[in-house]
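Q: Need coordinates for the below:
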Amino acid sequence: MAAKIAGANGRLTMQRSRIYVATLWLGMTLVGSNAWTQTVPACDSTPQPAFCSAARGARAEGWAAQSRSEVVAQHGMVVTSQPLAAQAGLQILMRGGNAIDAAVATAAVLSVVEPMMVGVGGDLFAIIYVAKERKIYVLNASGTAPTGATIEHFNELGYHWDPNNWGPTSGMSMYGILPVTVPGAVWGWQEVLRRFGKLSFKQVLEPAVQYAQNGFPVSERIANDWHLPNALPLRGCCTEPDPDSIRTWYVNGDSPKLGTIFKNVDLAHTFRLLQARGADEFYKGSIAKAIVAKSKALGGTMTLGDLATYHGEWVEAARTKYRGYDVIELPPPAQAWAANEMLNILQACVPQWVPGKTLASLGPTNPEYWHLLVEAKKLAYADLYQYNADPDFVSVPLDRLLSESYAASLCAKVDPSRASTPGPTGDFSMHGDTIVLSTADGEGNMVAWVNSNAAAFGSGITVPGFGFVLHNRGALFTLNPTGPNAIQPHKRPFNTLSAGFLLRNGEPLMTVTLMGGDMQAQGHAQMLVDVIDLGANVQAAADIARFRHSQVPNVLSLETPLYDLVGEKLAAMGHSVRSINGADVGGVQSIMVVPEASSDKRDLRGATQAVGGYYRAGSDFRKDGQAVGW
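A: Numbers count the residues shown, from 1 in each chain. Modelled structure (predicted):
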């Protein structure tokens, strides 16, 4: 009898899946058949629409500056930077998938609707909390340098270490084929499904297939980001775009505008191959052959063997305790562990820097508060730039760097009233374009996920016939032969990608995700201070103004409202301050769990619901994001 019931339930699930896919396809077909391009001008256009001078309305409750309330839901949650992707992940949850299935589905749709930020040709890291095991798992699916990627080869092509840049990227070409490493994302997608998912690759990729095949309307924010980098030639790169990229990503030779229905049938083809044959098709089949053919045509050194032998790793997290909370971050070669060190420094040193005061008592209207955060960031990033590299090739002394005693030893390096200089001033700043997402389900599983092309549209190189760009993560190597992050075949570069997790008394509390180059680790620390020290809710923590400090040029960037509040006083303390908009401070997409003691909570499908309480989520207003739950 049980077998008959299970079989009936399985058939019902399959029927529901077919209905869902058919409905999704029909809806997008109808939209596509009546496509039109929105011509309403934006506020950066000339002439400017009259509404752009209007005053912003006032909230009815809570913090007046908060963009919206947290989203709260009991049975599951998906939070990311684009509504269609968030809703695709939610549909996966509602069809019986878990948080891991929803994360892959969401990332795949983001590869269609935010293609400059993420794709199958990029990198992936994830932190996964598995409720039934009450355990954290950390995935590193970042790429390795191809055969032939040596300092000598780069020097022969005219690329040399720049002593004015003592950080990552020194001497490297930023775009083109040279910074392309083996993409890890597809391996990672399949691996998390294999180990923890409930649904198949075919099921979770179907929403992405439909959006790629039938199209989606481009939003104002995404249209703003839709610009290809130059990627050619090999020597003296980069002055010209890749023609395959122009054909794939532009419409009539130009980037799509607000309301354009954009389709990528080549990417739909790629997804269908993955549905049918899995990751082997990407690393050993027709996709691998196309990647290598494109690379060779442009003078790259990647081989079929580089792709066929690729694999990611399950690794141990970087951990620290901050004010009684366990902070979990990615270990090297990711930069995320610098957030741990920054928090350690604040915890050890704030009582010495401002005796009798705390970050909360100083408060975020006080320039001294921001000065201390920035100085702690400088110390953490000094170690990040000195030591961070692939731990399979060099020893990174993480235990020492994240110890309480080491943090305390750094306190004397900071003048509580004067800005420091972290090193010789150079001309480098580290930008990046990435997606982050968070998912949670009714069983209590939670995922913090970061997936990226590295820069916007990655290397600028598109694989013809398959509709995706190759990332340029290898640009974060250095050509300094004595540095731990020096380029070398099959080595992983310094990686800006960051994903974090917050535990309280060993129980999951919050995913920590914020995208955007070297903003990520310093942004994680700021967000955690907002929540832990200042008592912000998840949405408020996403909305609070942030700083971004660039280590090599030693420039402190403040969002305009924050600059107007404290910029002049921070400049008087010796900081080189500038005003920026929200594009430079990343986007938060995070979930907090509020558990409830219960012996038998059941979700809407009748399955036991381990959470018993509810989820709270915040999505950054600086992006197109959305938190959705059920």
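Q: use CA for all of it now, contacts and neighbours both
A: Noted.
Q: Low-confidence stretches in the protein?
A: 1-41, 428-430, 597-611 (pLDDT under 70).
Q: For residue 226, give its distance to residue 173.
A: According to C-alpha to C-alpha, to the nearest Å, residue 226 and residue 173 sit 21 Å apart.
Q: Out of those two, name the residue with the larger neighbour count.
A: Taking other C-alpha atoms under 10 Å, residue 226 and residue 173 do not tie; residue 173 has more neighbours (26 against 21).
Q: How are the strands of the stretch 1-150 of the chain distributed by residue range?
A: Applying DSSP state E, counting those that start in this stretch to the stretch 1-150 of the chain gives strands spanning 71-73, 76-80, 123-130, 135-141.
Q: what's the answer for the stretch 301-450 of the chain, then?
A: Along the stretch 301-450 of the chain, the segments classed as strands by DSSP E, counting those that start in this stretch run 313-315, 318-322, 325-329, 433-441, 446-454.
Q: hmm, back to that, ranking the strands of the stretch 1-150 of the chain by burial, who's on top?
A: The highest average neighbour count among the strands of the stretch 1-150 of the chain, using mean count of other C-alpha atoms under 10 Å, belongs to strand 76-80 at a mean of 32.
Q: which residues are contacting that one?
A: 86-87, 89-90, 93, 99, 102-103, 435-442, 589-591, 615, 617-619, 625-630 (C-alpha atoms under 8 Å, 6 or more residues apart in numbering).
Q: relative to strand 433-441, how tilted is it?
A: Between strand 76-80 and strand 433-441, the angle comes out at 170 degrees (axes from the mean of the first three to the mean of the last three C-alpha atoms, to 10 degrees).
Q: and the angle for strand 76-80 with strand 446-454?
A: 20 degrees.
Q: neighbouring strands for strand 76-80, and are they parallel or not?
A: strand 433-441 (antiparallel), strand 626-629 (antiparallel) (DSSP bridges).
Q: Relative to residue 270, which of the strands of the stretch 301-450 of the chain is closest?
A: Each of the strands of the stretch 301-450 of the chain has some distance to residue 270 by C-alpha to C-alpha; the shortest is strand 446-454, at 16.7 Å.
Q: Strand partners (parallel or antiparallel) of that closest one?
A: Paired strands of strand 446-454, defined by DSSP bridges, are strand 123-130 (antiparallel), strand 433-441 (antiparallel).
Q: Out of these, the one nearest residue 327 is which?
A: Nearest to residue 327 among the strands paired with strand 446-454 is strand 123-130 (12.0 Å), distances taken as C-alpha to C-alpha.
Q: May I have that closest one as PDB, with CA atoms only?
A: The C-alpha coordinates for strand 123-130 follow below in PDB (Å, rounded to 0.1, in the frame of the first residue of the first chain):
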ATOM      1  CA  ASP A 123      32.600  30.500 -10.700                       C
ATOM      2  CA  LEU A 124      30.600  29.400  -7.700                       C
ATOM      3  CA  PHE A 125      30.900  29.200  -3.900                       C
ATOM      4  CA  ALA A 126      28.200  28.100  -1.500                       C
ATOM      5  CA  ILE A 127      27.600  27.600   2.200                       C
ATOM      6  CA  ILE A 128      24.800  25.100   2.800                       C
ATOM      7  CA  TYR A 129      23.200  24.400   6.200                       C
ATOM      8  CA  VAL A 130      21.800  20.800   6.200                       C
END
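Q: Give the closest residue to residue 92 in space, chain neighbours not counted.
A: In this structure, residue 92 finds its nearest non-sequential neighbour in residue 102, 5.5 Å apart by C-alpha to C-alpha, 6 or more residues apart in numbering.
Q: ok, the one you found - contacts?
A: Counting by C-alpha under 8 Å, 6+ apart, residue 102 makes contact with 78, 88, 89, 90, 92, 93, 204, 439.
Q: follow-up on the earlier one: winner for burial among the strands paired with strand 76-80?
A: Mean neighbour count, computed with mean count of other C-alpha under 10 Å, is highest for strand 433-441 among the strands paired with strand 76-80, reaching a mean of 32.
Q: how about the helices in the stretch 351-500 of the chain?
A: Along the stretch 351-500 of the chain, counting by DSSP state H, counting those that start in this stretch, helices occupy 359-362, 367-387, 398-401, 404-409.
Q: gap between the second one and the chain center?
A: What it means is helix 367-387. Centroid separation for helix 367-387 versus its chain: 21 Å, with C-alpha atoms, centre = their mean, to the nearest Å.
Q: buried sites along stretch 241-254?
A: Within stretch 241-254, the residues scored as buried using 16 or more other C-alpha atoms under 10 Å are 241, 242, 244, 245, 246, 248, 249, 250.
Q: Next, format those residues as JSON lines and append secondary structure and distance to residue 368.
A: Shown next, in JSON lines, are those (DSSP: H, G, I helix; E, B strand; the rest coil; distance: C-alpha to C-alpha, whole Å):
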{"residue": "241", "secondary structure": "coil", "distance to residue 368": "46"}
{"residue": "242", "secondary structure": "coil", "distance to residue 368": "48"}
{"residue": "244", "secondary structure": "helix", "distance to residue 368": "51"}
{"residue": "245", "secondary structure": "helix", "distance to residue 368": "47"}
{"residue": "246", "secondary structure": "helix", "distance to residue 368": "48"}
{"residue": "248", "secondary structure": "helix", "distance to residue 368": "49"}
{"residue": "249", "secondary structure": "helix", "distance to residue 368": "46"}
{"residue": "250", "secondary structure": "coil", "distance to residue 368": "47"}
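Q: What is the nearest of those to residue 213?
A: For the buried residues of stretch 241-254, the closest approach to residue 213 (C-alpha to C-alpha) belongs to residue 248, at 13.2 Å.
Q: Am I right that that closest one is in contact with residue 469?
A: No. With contacts counted by C-alpha atoms under 8 Å, residue 248 stays clear of residue 469, the gap being 9.5 Å.
Q: any idea how far the residue lying closest to residue 165 once chain neighbours are set aside lies from residue 558?
A: Nearest non-adjacent residue to residue 165, counting by C-alpha to C-alpha, 6+ apart: residue 426, 5.4 Å away. Residue 426 sits 20 Å away from residue 558, going by C-alpha to C-alpha.
Q: Neighbour count for the two, which is higher?
A: Applying other C-alpha under 10 Å to residue 426 and residue 558 shows that residue 558 carries more neighbours, namely 25 against 16.
Q: quick one: strands adjacent to the helix or strand hosting residue 579?
A: Using DSSP states H and E, residue 579 maps to strand 577-580. In the sheet, strand 577-580 lines up against strand 555-559 (parallel) (DSSP bridges).
Q: Sweet, I'm off.
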